[in-house]
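1. sequence-free structure coming up:
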């Protein structure tokens, strides 16, 4: 035998051998003591030594077991992430919100199998299983009980509680095998943004699909945090679903974004579904309308139009536009919702939401400038987030005069709400376009570098205009005192049978930003709400516009989420007193 073949004990084994050598020496001393006691004839001492010997043996045994248990607990490596866990190929890491709240997790479930030959009483077995296992198909069970195969798989996803109840029945021929299952403890809350995974461990929708590789790689190691704030998500989804049911809409969308970092804090699409049972959901409820549906958004697009005009130097906030006369184009006449009887400066074009004024300003800028800025704002591409569902926009083939004028107020172009949120965030965060993300930024972590699309001064002007619209314009119903809310309404007449339907069916929307004051590089929050084909109600006076339908919803959402986001309510006389005259010079962002 060579030195290389010799097996040397490691440090742990050496410690054990040292212990046993010491114990052996003490036992030898005890044995010698017995002999001395016998030789001296001291029977009493002999009895005491025997008792001591037995006690020493028990003590040594317990000591050895204790040391072994301690070593197993402290040095076996089970404290290492994932060590000792029998992770299958389908294992996925827990997904949590930005505060560590569980959104998705792996749970052990069981598959139910039946061996027909071993079933002693088919009738009793059938009745017992149907009464104990929810969702078990009677026809499938009948086939298994009367079949000639060795074994049948009846149903999966059986919980440990149900498995225990079936075991207690002691039914011959009925067996279970362990199988992994993905669980979503919050049910419908965040369903579209969280998504779901298949039984084989593949992400199929939402973050589960978008971050599939990371979630698989982190299984048994660590959790995967999303940018979502469950408190914000719950408030958004609650207000959105209540309003959607109240206005009997086709579908609805809500998004909350930190425009500084690009983090998506909440995303909701109505109708909802339960990701624990996606197979039972209706096809319409499975669609994440925030990312996968494109809409003609209407006047919220005027935020893009004015940012283009102001940033390019084509216009100023006090430049006057004729809104009294309809804008006549080849085959098209552009009117305003409320007929104007005068000329309006640009800031009033915004607060009155004048289609005529926005179209005239866009034509003044021209097709080339619009093409440049629309590309910069990401309006010609699908929103570059991690979500695979992100949809491509529908855009005009050519930027004709009609297309330029129509896109100025959000017609002739259909984009996803996620794309609108991405582009508008760049206008309201100081001028930097960065993709919105589902990844949580850690404290002190810088957001993606992004690219500059407008000047910082233009961003400040747009924040001022958004604030003015919430205090003096069409967005007044979203203004929550103390939170310095800004916003823009949108009411897009929908196309029915190839023609705009004259306002009978609308997409009502509101794009909000708060707080509008403070440094441009501070945290600032964007809220987008869309209601598809809302029905008129008494409180809206029979109207279905963004100003009366979606602006109040956005206001309620902001009032609920602001405390979670650390935005302090600061109420001043300007919130309650008479509105002062507007000074256009105070609207500009120029220092």
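-> Sure, I can see it. Just so it is clear, the structure is predicted and the values come from calculations on it, not from any experiment. Numbers count the residues shown, from 1 in each chain.
2. What's the local residue count around the nearest residue to residue 218 once chain neighbours are set aside?
-> Spatial nearest neighbour of residue 218, excluding adjacent residues (Cβ to Cβ, 6 or more residues apart in numbering): residue 93 at 3.8 Å. Placement of C-beta: from N, CA and C, glycine included. Using other Cβ atoms under 10 Å, residue 93 has 21 neighbouring residues.
3. Assess the claim that residue 155 and residue 136 are in contact.
-> Yes: if you go by Cβ atoms under 8 Å, residue 155 and residue 136 touch, sitting 5.2 Å apart.
4. intersection of neighbour lists for the two?
-> Common contacts of residue 155 and residue 136 (Cβ atoms under 8 Å, 6 or more residues apart in numbering): residue 112.
5. helix or strand for the spatially most central residue of the chain, which one?
-> Among the residues of the chain, the one closest to the centroid is residue 193, at 4.0 Å (Cα atoms, centre = their mean). Per DSSP states H and E: residue 193 is located in helix 191-194.
6. what's downstream of that helix, the next helix or strand?
-> strand 196-197.
7. re earlier: for the helix holding residue 193, buried residues please.
-> For helix 191-194, the neighbour count (16 or more other Cβ atoms under 10 Å) marks 191, 192, 193, 194 as buried.
8. tell me the contacts of the third one?
-> Same thing as residue 193. Contacts for residue 193 (Cβ under 8 Å, 6+ apart) come out as 206, 207, 226, 228, 233, 264, 266, 267, 268, 288, 290, 438.
9. Got phi/psi on the residue nearest to the first one when sequence neighbours are not counted?
-> What sits nearest to residue 206 in space, not counting adjacent residues and going by Cβ to Cβ, 6+ apart, is residue 195, at 2.1 Å. Here the main-chain torsion angles of residue 195 (degrees, to the nearest 10) amount to phi 80, psi -160.
10. Kindly reformat the buried residues of helix 191-194 as TSV and extend each row with distance to residue 257 and pLDDT.
-> TSV is the format used below for the buried residues of helix 191-194 (distance: Cβ to Cβ, whole Å; pLDDT from 0 to 100):
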residue	distance to residue 257	pLDDT
191	19	97
192	16	98
193	12	97
194	17	98
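11. quick one, strands of the stretch 51-200 of the chain?
-> Here the stretch 51-200 of the chain has its strands, by DSSP state E, counting those that start in this stretch, at 95-96, 102-114, 152-158, 174-183, 196-197.
12. hmm, who's touching the last one?
-> Meaning strand 196-197. 92, 104, 182, 184, 203-206, 208-209, 212, 275, 278.
13. redo that, cut-off 10 Å
-> With Cβ atoms under 10 Å, 6 or more residues apart in numbering as the test, strand 196-197 has contacts from 90, 92, 95, 104, 106, 180-182, 184, 203-209, 212, 215-216, 273-278, 281, 286.
14. Buried subset of those, written for ChimeraX?
-> The buried residues among the contacts of strand 196-197 can be selected in ChimeraX (16+ other Cβ under 10 Å) with this line:
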select :90,92,95,104,106,180,181,182,184,203,205,206,207,208,209,212,215,216,273,274,275,276,278,281,286
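15. roughly how far apart are the closest residue to residue 354 other than its chain neighbours and residue 356?
-> Computed as Cβ to Cβ, 6+ apart, the closest residue to residue 354 that is not its neighbour in sequence is residue 323, at 4.7 Å. Between residue 323 and residue 356 the distance, using Cβ to Cβ, to the nearest Å, works out to 4 Å.
16. same check, this time on residue 294
-> Distance, residue 294 to residue 356, using Cβ to Cβ: 26 Å.
17. Please identify which of those two sits among more neighbours.
-> Under the criterion of other Cβ under 10 Å, the comparison of residue 294 against residue 356 puts residue 356 first, with 25 against 20.
18. for the more buried one, what are its contacts?
-> Here residue 356 is in contact with 321-327, 334-336, 339-340, 344, 349, 405, 408-409 (Cβ under 10 Å, 6+ apart).
19. among the residues you listed, which ones are buried?
-> Listed as buried from these are 321, 323, 327, 334, 336, 340, 344, 349, 405, 408, 409; burial here means 16+ other Cβ under 10 Å.
20. so of the residues you listed, which ones are in helices?
-> Residues of the buried ones among the contacts of residue 356 located in helices (DSSP state H): 349, 405.
21. Save the buried ones among the contacts of residue 356 as JSON lines, and put in pLDDT and distance to residue 252 too.
-> JSON lines is the format used below for the buried ones among the contacts of residue 356 (pLDDT from 0 to 100; distance: Cβ to Cβ, whole Å):
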{"residue": "321", "pLDDT": "96", "distance to residue 252": "33"}
{"residue": "323", "pLDDT": "94", "distance to residue 252": "31"}
{"residue": "327", "pLDDT": "95", "distance to residue 252": "32"}
{"residue": "334", "pLDDT": "94", "distance to residue 252": "28"}
{"residue": "336", "pLDDT": "90", "distance to residue 252": "27"}
{"residue": "340", "pLDDT": "63", "distance to residue 252": "31"}
{"residue": "344", "pLDDT": "95", "distance to residue 252": "32"}
{"residue": "349", "pLDDT": "96", "distance to residue 252": "29"}
{"residue": "405", "pLDDT": "98", "distance to residue 252": "29"}
{"residue": "408", "pLDDT": "98", "distance to residue 252": "26"}
{"residue": "409", "pLDDT": "97", "distance to residue 252": "22"}
